[in-house]
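>>> Structure here, sequence nowhere to be found:
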């Protein structure tokens with residue numbers, strides 16, 4: 001049985017004291033002093049330095065001191081005196097008072113401008129990273145107490161307006177990085193700021209290469225209308241700053257409309273937006289996006305699909321019944337307890353079986369959730385290849401699933417769609433989404449891949465090649481600030497050819513190759529490109545191991561090759577997902 005207690009108090013430290021009294025835990029006092037705090041808000045976090053477990057957190061107006069009860073031990077105390085960041089270790093022992101003093105840092109000012117080579121403003125971002133002993137700054141976040149949403153983990157970005165952005169920084173040394181997504185160059189500048197100094201810095205970036213016929217799409221984004229930490233305006237700014245062309249709002253069980261914020265910010269020529277929702281069942285057994293949808297203020301969830309529809313099949317069918325809904329996108333299918341494929345026990349080896357209640361009645365599948373190949377994305381991609389081997393074609397998409405900004409940058413990953421229509425205000429949403437449904441696309445956190453088979457067939461197409469002899473052409477491009485180290489052709493789920501890539505000194509063209517294949521039977525061909533150097537600091541994913549790092553990665557949808565001449569791709573395995581075992585979520589089914 002579970003026991004719940006609601007504890008309230010006038011201050012965070014009073015609530016903390018009540019919790020420890022209820023737990024009958026021995027505590028001592030940690031006394032914190034704050035001097036010369038200049039910011040209107042401050043945040044204090046006390047953590048266990050080994051496990052990083054949080055023992056105390058408070059956000060609010062500056063206070064001269066805090067007395068915090070803590071169990072005996074050693075703690076890391078972080079004071080965010082926006083934008084200054086200070087850390088100290090503190091020992092708390094029984095019968096004594098542990099003390100530490102935090103002083104705000106002297107300040108300097110920067111006026112930051114972001115321009116292209118012609119001097120025109122660019123809707124990108126500038127990040128500031130502290131060098132040497134200078135801590136990375138934490139610019140004041142939106143008040144989480146007022147919003148009732150989660151704290152941002154850190155905030156060191158600036159989105160300069162056309163006339164620039166004025167920022168205050170602690171005196172010190174910083175690396176400034178200007179960027180606008182993987183199709184632009186970056187600019188970096190080291191600045192050493194003295195107390196009281198004010199300086200103007202102009203950073204220049206340019207489009208590194210053109211992408212005619214391609215549009216970049218991020219179809220999985222969150223704001224405060226569900227569990228995100230950012231306002232709609234900040235979300236829209238962050239999307240434009242990463243060079244994304246089309247964004248889909250997908251808050252949990254709510255239809256969020258980005259259009260008013262887009263118009264107010266004057267970004268309608270840079271970005272097109274669509275509304276949708278992430279259908280999230282109460283038990284989290286399935287998460288899937290539905291888009292586009294039209295916001296409906298008179299309906300629950302602003303027009304969202306009810307998540308109480310019971311089985312996956314019932315939810316998928318309810319999504320189809322919504323006016324205008326076009327795509328049902330299964331999200332992060334192998335993300336722990338939030339993964340649909342995990343929860344319904346899809347066979348990891350061949351995708352040949354699943355638990356009772358599993359439904360394949362969806363349209364597209366999220367293969368890259370976020371920028372990191374690991375963390376469940378690797379198994380989701382393996383599942384997708386197994387499903388292709390069984391004749392199930394769910395075109396893959398890449399999404400950011402961002403709930404914040406720094407460390408969860410929108411557009412990483414993204415979906416590049418082969419689309420010949422207009423952009424911005426002139427977007428033909430119906431044509432774009434039809435191309436997504438057809439698989440005329442690839443997923444990427446940076447590399448731009450062109451795959452062509454038989455001189456004309458591209459991802460999503462079927463090519464008839466009697467006898468099985470086909471030419472395959474691959475080209476990979478990317479901005480100079482990241483590398484591609486390997487390109488592979490995957491044929492019917494197996495690595496067919498693997499090409500090591502020699503770095504070309506920051507060149508845009510990373511790889512180009514034409515090969516002849518002799519296929520013995522019908523086949524699908526996909527292309528994978530990867531790199532070994534992290535995308536930091538454009539992407540601020542902090543990694544402890546190589547598998548945690550955001551490394552360059554792209555994967556195309558398949559080109560199908562009909563070798564026997566019957567006009568279709570015949571999969572090597574039966575089109576079957578057998579039912580094995582009981583429905584793991586029978587209580588979710590409604591009459």
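Done, it's in. None of these values were measured; they are calculated from a predicted model. Numbers count the residues shown, from 1 in each chain.
>>> Residue 261 contacts residue 232, correct?
Yes: with contact defined as C-beta atoms under 8 Å, residue 261 counts as touching residue 232 (4.6 Å). For every residue, glycine as well, the C-beta is placed using N, CA and C.
>>> The two: which is more packed in?
Remark: of residue 261 and residue 232, residue 232 carries more neighbours, 22 against 19, as counted by other C-beta atoms under 10 Å.
>>> Okay, strands next: where are they in the stretch 201-350 of the chain?
Listed in chain order, the strands of the stretch 201-350 of the chain (DSSP state E, counting those that start in this stretch) span 214-221, 246-249, 272-275, 277-280, 287-291, 327-330.
>>> taking the ones you listed together, which one is wrapped up most tightly?
Comparing these by mean neighbour count (mean count of other C-beta atoms under 10 Å), strand 246-249 comes out on top with a mean of 28.
>>> same for that strand, what does it pack against?
strand 214-221, strand 272-275 (3 or more C-beta pairs under 8 Å, 6 or more residues apart in numbering; DSSP states H and E).
>>> element containing residue 19?
Residue 19 is part of helix 12-23 when elements are defined by DSSP states H and E.
>>> Now do the helix or strand following that helix against helix 12-23, angle only.
Downstream of helix 12-23, the next assigned helix or strand under DSSP H and E is strand 28-35. Angle, strand 28-35 to helix 12-23, by axes from the mean of the first three to the mean of the last three C-alpha atoms, to 10 degrees: 170 degrees.
>>> partners of strand 28-35, with directions?
strand 65-70 (antiparallel), strand 97-103 (parallel) (DSSP bridges).
>>> Columns distance to residue 348 and mean neighbour count on top of those, output as CSV?
Shown next, in CSV, are those (distance: least, C-beta to C-beta, whole Å; neighbours: other C-beta atoms under 10 Å):
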stretch, distance to residue 348, mean neighbour count
strand 65-70, 44, 18
strand 97-103, 49, 15
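>>> Distance to residue 194 and mean pLDDT for these - can I get that in a markdown table?
Formatted as a markdown table, those follow (distance: least, C-beta to C-beta, whole Å; pLDDT from 0 to 100):
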| stretch | distance to residue 194 | mean pLDDT |
| --- | --- | --- |
| strand 65-70 | 30 | 96 |
| strand 97-103 | 18 | 95 |
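>>> looking at these, which is closest to residue 495?
Smallest distance to residue 495 across these (C-beta to C-beta): 53.2 Å, for strand 65-70.
>>> which regions of this structure sit below the pLDDT cut-off?
1, 544, 546, 587-591 (pLDDT under 70).
>>> ok, the residue of it positioned farthest from its centre to residue 26 distance?
Centroid-distance maximum for the chain: residue 95 at 46.8 Å, with C-alpha atoms, centre = their mean. Shown here: residue 95 relative to residue 26, a distance of 10 Å by C-beta to C-beta, to the nearest Å.
>>> if we can go back for a sec, next, the residue farthest from the centre of the chain: secondary structure please.
Following DSSP: H, G, I helix; E, B strand; the rest coil, we place residue 95 in the coil state.
>>> what about the most centrally placed residue in the chain, distance to residue 138?
Nearest to the geometric centre of the chain sits residue 400, at 2.4 Å (C-alpha atoms, centre = their mean). As judged by C-beta to C-beta, residue 400 and residue 138 stand 22 Å apart.
>>> Phi, psi for residue 24 please.
phi 60, psi 40 (degrees, to the nearest 10).
>>> mind listing what residue 416 touches?
211, 214-217, 441-444, 448 (C-beta atoms under 8 Å, 6 or more residues apart in numbering).
>>> Also residue 90?
30, 46, 74-77, 98-100.
>>> helix or strand for it, which one?
Counting by DSSP H and E, residue 90 is part of strand 84-92.
>>> What is the most widely separated pair among the contacts of residue 416?
Greatest spatial distance among these (C-beta to C-beta): 211 and 443, at 14.9 Å.
>>> who has more neighbours, those two?
Taking other C-beta under 10 Å, residue 211 and residue 443 do not tie; residue 443 has more neighbours (24 against 16).
>>> Make sure the more buried one is indeed in a helix.
No: using three-state DSSP, the secondary structure at residue 443 is strand, not a helix.
>>> distance of it from residue 216?
Distance, residue 443 to residue 216, using C-beta to C-beta: 11 Å.
>>> can you list residues touching both of the two?
414-416.
>>> Using a markdown table, lay out those residues together with distance to residue 542 and secondary structure.
Shown next, in a markdown table, are the shared contacts of residue 443 and residue 216 (distance: C-beta to C-beta, whole Å; DSSP: H, G, I helix; E, B strand; the rest coil):
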| residue | distance to residue 542 | secondary structure |
| --- | --- | --- |
| 414 | 21 | strand |
| 415 | 25 | strand |
| 416 | 27 | strand |
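>>> Specify the local secondary structure of the closest residue to residue 145 other than its chain neighbours.
Among residues not flanking residue 145 along the chain, residue 59 sits closest, at 5.8 Å (C-beta to C-beta, 6 or more residues apart in numbering). Three-state assignment for residue 59 (three-state DSSP): strand.
>>> Report how many residues lie close to residue 59.
17.
>>> Kindly report the same for residue 71.
15.
>>> residues in contact with it?
Counted by C-beta under 8 Å, 6+ apart, residue 71 has contacts 20, 25-28, 55, 92.
>>> Pick the one among these closest to residue 345.
Nearest member of those to residue 345, counting by C-beta to C-beta, is residue 55, at 37.7 Å.
>>> Pull the contacting residues for the closest one.
Residue 55 touches 16, 46-48, 70-71, 75, counting by C-beta under 8 Å, 6+ apart.
>>> Would you show me how to pick out the buried ones of those residues in ChimeraX?
Buried residues within the contacts of residue 55, by 16 or more other C-beta atoms under 10 Å, are selected in ChimeraX with:
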select :16,46,47,70,75
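>>> Now render the contacts of residue 55 as CSV, adding distance to residue 186 and secondary structure.
Below are the contacts of residue 55 laid out as CSV (distance: C-beta to C-beta, whole Å; three-state DSSP):
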residue, distance to residue 186, secondary structure
16, 43, helix
46, 36, strand
47, 33, strand
48, 37, coil
70, 43, strand
71, 46, coil
75, 38, strand
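>>> Go through the contacts of residue 55 and name the one nearest residue 196.
Out of the contacts of residue 55, the member with the shortest distance to residue 196 (by C-beta to C-beta) is residue 46, at 32.5 Å.
>>> Do I have it right that residue 273 meets residue 245?
No: using C-beta under 8 Å, residue 273 makes no contact with residue 245, being 10.4 Å away.
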